[in-house]
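Engineer: Compute the structure for the input listed below.
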Amino acid sequence: MPSDRFVAALNEQVGHEFAAHQQYLAIAVHYDADTLPRLAAHFYAQAVEERNHAMMIVRYVMDAGADAVVPGCDPPRTTFADVVEPVQLALDQERKVTGQINALAALAREDDDYQGEQFLGWFLKEQVEEVAAMSDLLNVVRRARDNPLLAEEYLVREAPGDEDEDPTAPPAAGGML
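Structural biologist: Numbers count the residues shown, from 1 in each chain. Coordinates of the predicted model:
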């Protein structure tokens, strides 16, 4: 069974993942209201992904025999000055989550929790991909600031469609959406 402090840190991360879910949902609604459907769809999908990350952690905590806690989170930001600001916020958030996951992995290692460290390996890999993808999108929306339809075209052309489920992903409580 993982240490109490590692379980507490994982439960705290559940809150961070749900906060990211809420923020991505708010960004999606913002773009949807601005009639930018591809940007909206991208962030709706990101919201589901963050929700699933939270539920993966919940499943791990329960499977490890510990008490899973679903904390609340602060309301997301909902207003933005331009098409770039939401993507910058998303990239900042991904970088912050990367730091949080790194700290969790360090804590697992410090506690000699090899199962916990192995579980977090998938998240570490995922964060590299998330930061890279959001950085690319930020570069595109910056160039398309005056014509956001160019960012829409980029997403149609370059963004992956419905990808196959990652067979190495940890299971999520309640299943994946």
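Engineer: What segments of this structure are strands?
Structural biologist: For the chain, applying DSSP state E gives no strands.
Engineer: The most centrally placed residue in the chain and residue 170: what is the separation?
Structural biologist: Closest residue to the average C-alpha location of the chain: residue 50 at 3.9 Å, with Cα atoms, centre = their mean. Plainly put, residue 50 is 14 Å away from residue 170 if you go by Cβ to Cβ, to the nearest Å. Every residue, glycine included, has its C-beta placed from N, CA and C.
Engineer: One more: residue 89?
Structural biologist: Residue 89 is 27 Å from residue 170, where distance means Cβ to Cβ.
Engineer: How about residue 73?
Structural biologist: 21 Å.
Engineer: Distance of the most far-flung residue of the chain relative to its centre relative to residue 108?
Structural biologist: Going by Cα atoms, centre = their mean, the residue of the chain most distant from its centre is residue 146, 27.6 Å out. Relative to residue 108, residue 146 is positioned 46 Å away (Cβ to Cβ).
Engineer: just checking, the residue nearest to the centre of the chain touches residue 16?
Structural biologist: No. Between residue 50 and residue 16 there is no contact under Cβ atoms under 8 Å: 9.2 Å.
Engineer: chain center to the helix or strand bottoming out on mean pLDDT in the chain: distance?
Structural biologist: Within the chain, no helix or strand scores below helix 149-158, which has a mean of 94 by mean pLDDT, DSSP states H and E. Centre-to-centre, helix 149-158 and its host chain are 21 Å apart (Cα atoms, centre = their mean, to the nearest Å).
Engineer: which secondary structure elements does it contact?
Structural biologist: If you count contacts as 3 or more Cβ pairs under 8 Å, 6 or more residues apart in numbering; DSSP states H and E, helix 149-158 packs onto helix 37-63, helix 114-143.
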